[in-house]
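Colleague: structural data only, the sequence is not supplied:
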């Protein structure tokens, strides 16, 4: 009887640990960039950015749902900017600062395939001050499928990471489309 209770307690502990929610992993948030989508040395944003501020994220409560913290999103964003050739070697060398404000993270409570939608406002502000050269809200979704992970909290983490990765990828696409390659002199 005592052995049966001990085994049951051990199984319950193992299941509870296996079902704990985990936070996003920055290496899974980072957007991979195709060579054609990178910003080459002639582009005005090449190695010109530093991430000044990321806000709006929240830490994961292991007993509840997976989240994305400011630090996790920042690390993924910085790696993405590095992958695209946009991150300055040091903040002192940057000409523009990136501000990212996580505005919304819509997550399902349960499901076989879980889709998360993330909304982030990105601004690029000149280091010396002035008007942003880019200021847009980006919304993107990512899905964690049953084939990705059996445990629901893992699928949700995977979906969070996919939504963040897609959001950053869309931000980079919009930067490429909306910010001219050459510096444009201000109109007087």
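Modeller: Great, that's in hand. This structure is a prediction, so every number in the text was calculated from the model and none was measured.
Colleague: what's the first-to-last distance across stretch 33-43?
Modeller: Start-to-end span of stretch 33-43 (Cα to Cα, to the nearest Å) is 16 Å.
Colleague: state the mean pLDDT of it.
Modeller: Average pLDDT, stretch 33-43: 73.
Colleague: shouldn't residue 176 be in contact with residue 44?
Modeller: No - if you go by Cβ atoms under 8 Å, residue 176 and residue 44 don't touch, sitting 11.8 Å apart. For every residue, glycine as well, the C-beta is placed using N, CA and C.
Colleague: who are the packing partners of the biggest strand by length in the chain?
Modeller: Counting residues, the longest strand found in the chain (DSSP state E) is strand 114-126. The helices and strands touching strand 114-126, judged by 3 or more Cβ pairs under 8 Å, 6 or more residues apart in numbering; DSSP states H and E, are strand 96-106, strand 134-144, helix 152-178.
Colleague: that one pairs with which strands, parallel or anti?
Modeller: Strand pairing for strand 114-126, using DSSP bridges, gives strand 96-106 (antiparallel), strand 134-144 (antiparallel).
Colleague: between the last one and helix 152-178, how big is the angle?
Modeller: Read it as strand 134-144. Here strand 134-144 points in a direction 150 degrees away from that of helix 152-178 (axes from the mean of the first three to the mean of the last three Cα atoms, to 10 degrees).
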